[in-house]
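A.B. asks: here is a sequence with its predicted model. Questions after.
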Amino acid sequence: MTELRRFIDRLVHETEIAGDDLQSLFRPKIPKKMALDRWLERNLRKHGPRILKEWFRPVPEQRWPNTVGELAAHLHLSASELTWFADLHHRNPARGPLSHYRYRWIPKRRGDSRLLMEPKESLKLTQRRLLETLINDIPLHEAAHGFRRARSIKTFAASHVGKRVVLKMDLGDFFPSITFVRVAGLFRWLGYREEIARLLAGLCTHRPPSTVAKMDRHLPQGAPTSPALANAVAYRLDCRLAGFAMKAGLNYTRYADDLAFSGDRITEAFSHHVGGIILEEGFRIHPRKTRFMTRSTKQHLAGVIVNEHPNFDRHEFDLLKAILHNCARHGPAEQNVTRDHLRGRLAAVQMLNPVRGGKLLRIYEEIVW
């Protein structure tokens, strides 16, 4: 009991939990006339195990070395190759055969574009080793559904099926907002020495050359480690939003940068408070993508219709079908899409609607890569 009380005191005084969010730790409301100490003592006894489970994730048992040489050996690299791949001092050439990344701009529907930074094979192999031996073991919040085993857009949307109101929000510049400093801080939290944490963060982040884009060093969209690390960095955001939603009697889930809330009633003030929490956690809202959706309208989340049962959006289906037809006729290079991207979207259709998915699969198999 004393130890748990110290945890709560430390969180509140170090502002890891904002004062306004203290209520989200508990289901009963805080009585105004009762002293906070007496209220905390009584509720910690009753709700302590749940609080510890939801807010204090266990640190995984460490299996990694403490020296640069041992880390390099574990990754099947020499010490010089490890520091070359991590490139902490930005000495590697931005272009040419000695660079580690390829760059490509992917157009979006609204007219702007997204920078895809794909690591070359040697670095990608090292990142996959990191993902399989370390990053996949980092505990994540239950509300996170993107890029996890046994989770999908179907599980992301399932909690919101048949609800009276659905609120959809989007995190702007999700991967660019997760910088080298935040990733290194995550590895430090996991117990690694400063030098090792910086090397690990260096292997998983990248700053494109100024001729491509002016950005800080961040998680590259295209690296195998980026989605899982983004989920881990967003853990505290998920904790706060899940607690705030629970206090309002709502459901909350997140799929990468897509946030979803649902219930009988959602006020505009609720969405403003959510936006404040997101800003405090180092992210930002994409205001044009915030949507309040009632039962009388089409409620869609990440391309899934949730009015009555999960189903793939007809417009999204027709668009994907057109892209596949054009790829089969004119080649995928003309459509500026990758094989992995199309396979992911095709898998989503097959999961939600096997009959429609089968039709698209037959078109996909005609594409010459």
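C.D. replies: Okay, I see it. Computed from a predicted model, the values in this text were never measured in an experiment.
A.B. asks: CA only for contacts and neighbour counts going forward, please
C.D. replies: Fine.
A.B. asks: all strands for the stretch 201-350 of the chain, in order.
C.D. replies: When secondary structure is read from DSSP state E, counting those that start in this stretch, the stretch 201-350 of the chain shows strands at 251-255, 258-263, 291-294, 300-301, 304-305, 311-312.
A.B. asks: pull up the pairing partners for the second one, direction included.
C.D. replies: Here strand 258-263 is paired, per DSSP bridges, with strand 165-170 (antiparallel), strand 251-255 (antiparallel).
A.B. asks: in a markdown table: the strands of the stretch 201-350 of the chain, plus mean neighbour count.
C.D. replies: What follows is the strands of the stretch 201-350 of the chain, written out as a markdown table (neighbours: other CA atoms under 10 Å):
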| stretch | mean neighbour count |
| --- | --- |
| strand 251-255 | 24 |
| strand 258-263 | 22 |
| strand 291-294 | 17 |
| strand 300-301 | 24 |
| strand 304-305 | 22 |
| strand 311-312 | 21 |
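A.B. asks: lowest mean pLDDT across those strands, which one is that?
C.D. replies: Among those, strand 311-312 has the lowest mean pLDDT, at a mean of 84.
A.B. asks: from the contact counts, what lies against that strand?
C.D. replies: Strand 311-312 sits against strand 304-305, helix 339-352, with contacts defined as 3 or more CA pairs under 8 Å, 6 or more residues apart in numbering; DSSP states H and E.
A.B. asks: quick one: the strands in the stretch 51-200 of the chain?
C.D. replies: Assigned by DSSP E, counting those that start in this stretch, the stretch 51-200 of the chain shows strands spanning 101-107, 113-119, 165-170.
A.B. asks: picking up where we left off before, mind putting the strands of the stretch 201-350 of the chain in a markdown table, distance to residue 83 included?
C.D. replies: As requested, these are exported to a markdown table (distance: least, CA to CA, whole Å):
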| stretch | distance to residue 83 |
| --- | --- |
| strand 251-255 | 33 |
| strand 258-263 | 35 |
| strand 291-294 | 45 |
| strand 300-301 | 42 |
| strand 304-305 | 43 |
| strand 311-312 | 45 |
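A.B. asks: of these, give the one that comes closest to residue 73.
C.D. replies: When these are compared by CA to CA, strand 251-255 sits nearest residue 73, at 35.0 Å.
A.B. asks: tell me how far the closest one lies from the chain's centre.
C.D. replies: Using CA atoms, centre = their mean, to the nearest Å, we find the averaged C-alpha position of strand 251-255 to lie 11 Å away from the chain's own average C-alpha position.
A.B. asks: now it - C-alpha only, CSV.
C.D. replies: Output in CSV follows, covering the C-alpha atoms of strand 251-255 (Å, rounded to 0.1, in the frame of the first residue of the first chain):
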residue,chain,number,x,y,z
ASN,A,251,-14.7,3.0,-25.9
TYR,A,252,-11.2,3.9,-27.2
THR,A,253,-8.9,2.1,-29.7
ARG,A,254,-6.0,3.2,-31.8
TYR,A,255,-4.7,1.8,-35.1
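A.B. asks: can you give me the helices for the chain?
C.D. replies: Assigned helices in the chain, in chain order: 2-13, 36-55, 68-74, 79-86, 121-133, 153-158, 180-189, 194-204, 226-233, 235-247, 268-280, 314-330, 339-352, 354-364 (criterion: DSSP state H).
A.B. asks: can I get the ones you listed in TSV including mean pLDDT, distance to residue 141 and mean neighbour count?
C.D. replies: Written out in TSV, the entries for these read as follows (pLDDT from 0 to 100; distance: least, CA to CA, whole Å; neighbours: other CA atoms under 10 Å):
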stretch	mean pLDDT	distance to residue 141	mean neighbour count
helix 2-13	53	18	13
helix 36-55	60	8	14
helix 68-74	92	28	16
helix 79-86	94	28	17
helix 121-133	95	18	16
helix 153-158	92	13	20
helix 180-189	93	15	19
helix 194-204	95	21	21
helix 226-233	96	8	21
helix 235-247	94	6	22
helix 268-280	94	16	15
helix 314-330	88	29	16
helix 339-352	82	22	16
helix 354-364	87	30	15
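A.B. asks: format those as CSV; extra columns: distance to residue 143.
C.D. replies: Listed next are these as CSV, based on distance: least, CA to CA, whole Å:
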stretch, distance to residue 143
helix 2-13, 21
helix 36-55, 11
helix 68-74, 32
helix 79-86, 31
helix 121-133, 21
helix 153-158, 8
helix 180-189, 19
helix 194-204, 24
helix 226-233, 10
helix 235-247, 7
helix 268-280, 15
helix 314-330, 25
helix 339-352, 19
helix 354-364, 26
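A.B. asks: mind checking which of those helices is nearest residue 256?
C.D. replies: helix 226-233 (7.2 Å).
A.B. asks: got the angle for the closest one vs helix 194-204?
C.D. replies: If you take axes from the mean of the first three to the mean of the last three CA atoms, to 10 degrees, helix 226-233 sits at 140 degrees to helix 194-204.
A.B. asks: who's in contact with residue 305?
C.D. replies: Counting by CA atoms under 8 Å, 6 or more residues apart in numbering, residue 305 touches 298-299, 311-313.
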